[in-house]
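**Q** Give me a model of this one.
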Amino acid sequence: MAKKPNSPSRIAENKKAAFNYFFEERYEAGMVLQGWEVKAVRSGKVQLTDGYVVIKNGELFLIGCLINPLKTASTHVNADAARTKKLLLHKDEIRRLVGKVEQKGYTLVPLNLHWKEGLVKCEIALAKGKAEHDKRDTIKEREGKREVERAMKSRHR
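**A** As a prediction, this is how the structure comes out:
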């Protein structure tokens with residue numbers, strides 16, 4: 001019997017990122033996690049909304065991603081929910097990101113955490129911050145789509 005290919009399932013998503021940033025490029029990075037963190041991720045105890053990515057000494061680090069420890073976590077392990085997590089990418093991709101981030105206005109933002117072949121992956125984006133008027137345009141578009149959907153729904157009744 002053939003196995004089904006694993007489709008990436010979402011663990012946590014940073015919905016605020018799409019509102020605050022324009023995405024230029026997306027990357028999928030591996031994460032270095034401790035055992036208690038993987039167990040907590042499996043149970044969905046992850047918060048990604050305030051997370052951001054920094055580059056130090058040619059390595060990527062995810063800061064502000066909260067993984068709350070389970071109550072059944074081991075007593076001899078010091079479980080720090082806001083621990084800085086290392087992200088894994090190829091060297092040439094990191095070099096490329098370093099060059100882009102040094103340009104004015106670019107930043108690295110975590111978009112989501114997901115499972116891929118039994119491993120936790122973090123999708124990050126090279127992003128440029130939105131101005132206030134761009135955010136207002138996003139809100140107007142969203143409300144316009146809602147109005148159209150409501151009109152179509154009432155029309156079909």
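**Q** quick one: the strands in the chain?
**A** Assigned by DSSP state E, the chain shows strands spanning 9-13, 21-31, 46-47, 52-56, 59-63, 66-67, 85-88, 106-116, 119-129.
**Q** mind checking which of the ones you listed is nearest residue 149?
**A** Checking the strands of the chain against residue 149 by Cβ to Cβ gives strand 9-13 as the closest, at 21.8 Å. Heads up, the C-betas are built off the backbone N, CA and C, glycines and all.
**Q** So which residues make contact with that closest one?
**A** 41, 44, 46-48, 111-115, 120 (Cβ atoms under 8 Å, 6 or more residues apart in numbering).
**Q** Filter the residues you listed down to the buried ones.
**A** Neighbour-count burial (16 or more other Cβ atoms under 10 Å) applied to the contacts of strand 9-13 gives 41, 46, 48, 111-115, 120.
**Q** Of these, just say which sits nearest to residue 133.
**A** Nearest to residue 133 among the buried ones among the contacts of strand 9-13 is residue 111, at 23.4 Å by Cβ to Cβ.
**Q** Excluding residues flanking it in the chain, which one is nearest the closest one?
**A** Taking Cβ to Cβ, 6 or more residues apart in numbering as the measure, residue 111 lies nearest to residue 123, with 4.5 Å between them; neighbours along the chain are not counted.
**Q** My guess is that neighbour contacts residue 25. True?
**A** No: counting by Cβ atoms under 8 Å, residue 25 is not a contact partner of residue 123; they are 11.2 Å apart.
**Q** Near residue 63, how many other residues are there?
**A** By other Cβ atoms under 10 Å, 14 other residues sit near residue 63.
**Q** about what we covered before: need the contacts of strand 9-13 in TSV (columns: pLDDT and distance to residue 133).
**A** Putting those into TSV (pLDDT from 0 to 100; distance: Cβ to Cβ, whole Å) gives the following:
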residue	pLDDT	distance to residue 133
41	85	38
44	82	36
46	84	33
47	84	29
48	84	27
111	89	23
112	88	27
113	87	31
114	87	33
115	87	38
120	87	37
